[in-house]
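[1] Quick one: sequence plus predicted model below, questions after.
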Amino acid sequence: MNINNITKHTSNNFYILLGFAFITFLFFIPRLILGDLSYLKPHDFLDSELVYRVLVANYNTPTIEQVMNGIPRNFLPSNKNLIVWLMMTMDEFKAISINEFLIRFIAFIGMFLLLTEHFELKKNNLAAFLTSISFSTLPYYHIYGITIAGQPIILWCILNIYNNRKIYLSLFLISLFPLYSSFVLSGIFIVAILWVFSIITIIRKKNRKLIIASLILTSMYLFVEWDLINSIISSEKITNHRTDWDIEYLFNKDFMGSYSLSKEHFFHGQYHAHSKHCYILILSIITLPIAFINKDKSRISIPLIILSCLALSFIHGFWRWEGLNHIKGAFPVLKTFNASRVSFLSPTLWFILAGITLNTLSKLPFKIATSLIMLTMFTFQMKHQLTKSELGINAKKSIAKVVFNKDVGVSGNSYKSYFNKDLFNEIKNFINRDQSKYRVVSIGISPSIAQLNGFYTLDSYQNIYPLSYKRDFREIIEHELEMNPRMKEYFDKWGSRCYIFNRPAVENTIEALINTSKLKNMGGEYIFSRYIIRNSNDINIKLIKTFENNFGVIYLYEVI
């Protein structure tokens, strides 16, 4: 190994260690300081996705009786997943903390390797480092594993195979990707793109190795998602509530509405797949004329990536265009397939663009000025990414606790305050019965709270559940739905949130129009309510105890 290679490897190792230290400092230390007082996203995480995986980790039966009087196991995420395996070996909070640290480090090292080995940043480790750190600190939905965070390492593997480098390592890493990612969110698009790229490569270069990669990735996803696939193709399949979806309700954007959605995504990204890329877009557009003047290769790659992101934004927005509904109605598979999730590919493209842009600027003769531009860009980007994100909020909370000795216990949606295990343990002990022998519903709080605390719930937020159950449950809430047309439409035309809906509370009291006869018939014996139910006598329920602590209050009602 010559001196240049030694220097290169030393520099790479330094930046990788620096990245590890940065992620540890920004994420792991605040998580250690705060513990279960750490802020976590409630929407589509604490209220659903987290509990799905806890249930899968806890049960190895064809039906999970704890939810909806027995939801088929294959309607929940696969148990062939690293996050589920972590939850099998430790409590769920430790599991999601380790998981988040892993995905952030994988995001960093994947982007760093991709940029330095395949995008001409070999001699610009600083630009690669700053880009990779920024990518690793995006506000991921980390419950989805490396669905987004692992895309750079997958692209690195694909380009390795394309260039006949590190074949066996790359094939091995590709085989692991389905065990730590979501097929429906990004995997399906990655598989499709890889197959197209492989076929083109065979035609042009006679290189068959990418076909092997395509077969491995496809086979592993089939292995991981077989329960779901089998439930779809089985002759004994259960009709699920998605078949009852109203496409005119779900895909109701007119042309200008779809255009606005596309524009919003192009400039700001999507809630579940944040890219926080507005500064990247601005700087890349400013850099493009410089690339043309200097005849740099980036004069092609910069507009190509921007156009690719524009195409993804177009698909994201116009998949909800009402003009496509007649096509979706003709092909039932399109009714439940969500092509707008192609937006999960955008963050990786934007940050490859960031690396290329910084590298182009670094070639200018004004070295000090370009270094300052890179550091300024990094500072603005990090500030933008950390504002109101889990990482940013937890960093502030940990500083408040350590430096200013503030009580951060009741601030924000912490894991501890959301699930309030101490309070629900009191409720469990008060009822003093085997939790599997009775059913509960919740009003004003997510059913996931009761589920994580071991209660058997009739209500739930599920991506897929039996249509017959939706129709049964509707009888419990039909009078409430008639009083609230918006909620009636929401439940009847979508219905993934199978909740006891209520109208707005007045001075912490509500009127609940519940068919308690049907509720009792389905096994419901208790109601966990955030509010006092002022018409309790009229619907045959009684308040038996009020439970309260620093994190909230629950009124426990019994169905008479």
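    Thanks, I have the structure now.
[2] got any ranges where the stretch 351-500 of the chain has weak pLDDT?
    Residues of the stretch 351-500 of the chain that meet the criterion pLDDT under 70 lie in 407-412.
[3] All the strands of it, in order from the start?
    439-443, 460-461, 497-498 (DSSP state E, counting those that start in this stretch).
[4] Return the per-residue confidence for the nearest residue to Asn420 once chain neighbours are set aside.
    The spatial neighbour of Asn420 that comes closest, neighbours along the chain excluded (CB to CB, 6 or more residues apart in numbering), is Phe551 at 4.6 Å. Heads up, the C-betas are built off the backbone N, CA and C, glycines and all. The model reports Phe551 with a pLDDT of 92.
[5] Angles on the backbone of Phe551, please.
    The phi and psi values for Phe551, taken as degrees, to the nearest 10, are phi -100, psi -10.
[6] go on, the one 5 residues further on?
    Note on Leu556: backbone dihedrals following degrees, to the nearest 10 are phi -90, psi 120.
[7] Kindly report the same for the one 3 residues further on.
    Per-residue torsions, Val559: phi -80, psi 120 (degrees, to the nearest 10).
[8] Burial check on it, number of neighbours?
    21 (other CB atoms under 10 Å).
[9] show me the contacts for Ser460.
    By CB atoms under 8 Å, 6 or more residues apart in numbering, the residues touching Ser460 are Val67, Met68, Ile71, Pro447, Ser448, Gln451, Cys498.
[10] how much space between it and Asn69?
    10 Å (CB to CB, to the nearest Å).
[11] coming back round to it: any chance of JSON lines for the strands of the stretch 351-500 of the chain, columns distance to Phe547?
    Output for these, formatted as JSON lines (distance: least, CB to CB, whole Å):
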{"stretch": "strand 439-443", "distance to Phe547": "13"}
{"stretch": "strand 460-461", "distance to Phe547": "22"}
{"stretch": "strand 497-498", "distance to Phe547": "24"}
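[12] ranking the ones you listed by burial, who's on top?
    Stretch with highest mean neighbour count among the strands of the stretch 351-500 of the chain: strand 439-443 (a mean of 25; mean count of other CB atoms under 10 Å).
[13] Which secondary structure elements does it sit against?
    Helices and strands touching strand 439-443, by 3 or more CB pairs under 8 Å, 6 or more residues apart in numbering; DSSP states H and E, are helix 447-452, strand 524-529.
[14] CA atoms of the last one as CSV?
    Taking C-alpha atoms only, strand 524-529 is exported to CSV below (Å, rounded to 0.1, in the frame of the first residue of the first chain):
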residue,chain,number,x,y,z
GLY,A,524,-66.3,-4.6,26.5
GLU,A,525,-66.5,-4.1,30.2
TYR,A,526,-64.4,-1.0,30.9
ILE,A,527,-63.9,2.5,29.4
PHE,A,528,-60.7,4.5,29.9
SER,A,529,-61.8,8.1,29.5
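[15] Not counting its neighbours along the chain, what's nearest the residue most central in space within the chain?
    Nearest to the geometric centre of the chain sits Tyr141, at 3.3 Å (CA atoms, centre = their mean). Distances taken as CB to CB, 6+ apart put His272 closest to Tyr141, at 5.6 Å, once the chain neighbours are dropped.
[16] Also Lys237?
    Nearest residue to Lys237, sequence neighbours excluded (CB to CB, 6+ apart): Ser231, at 5.6 Å.
[17] Next secondary structure element downstream of the helix or strand that contains the one you found?
    For Ser231, the host element (DSSP states H and E) is helix 226-233. The element immediately downstream of helix 226-233 (helix or strand, assigned by DSSP H and E) is helix 247-250.
[18] And that following helix, what does it pack against?
    helix 325-330, helix 485-493.
[19] would you list these in TSV and tack on mean neighbour count and distance to Arg341?
    As requested, the helices and strands packed on helix 247-250 are exported to TSV (neighbours: other CB atoms under 10 Å; distance: least, CB to CB, whole Å):
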stretch	mean neighbour count	distance to Arg341
helix 325-330	13	15
helix 485-493	15	20
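[20] I'd like these laid out as CSV, including distance to Phe344.
    Below are these laid out as CSV (distance: least, CB to CB, whole Å):
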stretch, distance to Phe344
helix 325-330, 21
helix 485-493, 25
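[21] nearest to Ala21, of the ones you listed?
    Between Ala21 and those, the tightest spacing by CB to CB is seen for helix 485-493, at 46.8 Å.
[22] follow-up on the earlier one: out of the strands of the stretch 351-500 of the chain, nearest to Asp47?
    Going by CB to CB, the one of the strands of the stretch 351-500 of the chain nearest Asp47 is strand 460-461, 5.8 Å.
[23] Counting neighbours, which bits of stretch 457-464 end up buried?
    Thr457, Leu458, Asp459, Ser460, Tyr461, Gln462, Ile464 (16 or more other CB atoms under 10 Å).
[24] cool, stretch 230-248 as well?
    Ser231, Ile238, Asn240, His241, Arg242, Trp245, Ile247.
[25] Can you convert those into CSV and add a column each for pLDDT and distance to Thr61?
    Output for the buried residues of stretch 230-248, formatted as CSV (pLDDT from 0 to 100; distance: CB to CB, whole Å):
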residue, pLDDT, distance to Thr61
Ser231, 76, 15
Ile238, 88, 16
Asn240, 93, 19
His241, 94, 21
Arg242, 92, 23
Trp245, 92, 28
Ile247, 87, 34
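[26] Same list, those, but as CSV with distance to Trp195 please.
    Below are those laid out as CSV (distance: CB to CB, whole Å):
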residue, distance to Trp195
Ser231, 24
Ile238, 31
Asn240, 28
His241, 32
Arg242, 26
Trp245, 29
Ile247, 28
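[27] nearest to Glu480, of those?
    His241 (18.7 Å).
[28] dump the residue contacts of the closest one.
    Taking CB under 8 Å, 6+ apart as the test, what His241 contacts is Ile464, Tyr465, Pro466, Leu467, Tyr469, Lys470, Gly495, Ser496.
[29] By neighbour count, which of these wins?
    Ranking those using other CB under 10 Å puts Tyr465 first, with 24 neighbours.
[30] Flag the shaky bits of the protein, pLDDT-wise.
    Ranges of the chain meeting pLDDT under 70: 1-10, 235, 407-412.
[31] Assign a three-state SS to Leu138, would you?
    Recorded secondary structure, Leu138: coil (DSSP: H, G, I helix; E, B strand; the rest coil).
[32] wait, I meant Phe547
    strand.
[33] show me where the stretch 1-150 of the chain has strands.
    Going by DSSP E, counting those that start in this stretch, the stretch 1-150 of the chain shows strands at 63-64, 71-72.
[34] Adding mean neighbour count, write those strands out as a markdown table.
    Listed next are the strands of the stretch 1-150 of the chain as a markdown table, based on neighbours: other CB atoms under 10 Å:
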| stretch | mean neighbour count |
| --- | --- |
| strand 63-64 | 18 |
| strand 71-72 | 20 |
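[35] quick revisit: wait, isn't the residue nearest to Asn420 in contact with Asn413?
    No. Taking contacts as CB atoms under 8 Å, Phe551 lies outside contact range of Asn413: 10.5 Å.
[36] Mind putting the strands of the stretch 1-150 of the chain into CSV with distance to Gly150?
    Compiled in CSV, the strands of the stretch 1-150 of the chain are given as follows (distance: least, CB to CB, whole Å):
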stretch, distance to Gly150
strand 63-64, 28
strand 71-72, 29
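[37] Nearest to Ser214, out of those?
    Closest to Ser214 of these, according to CB to CB: strand 71-72, at 30.8 Å.
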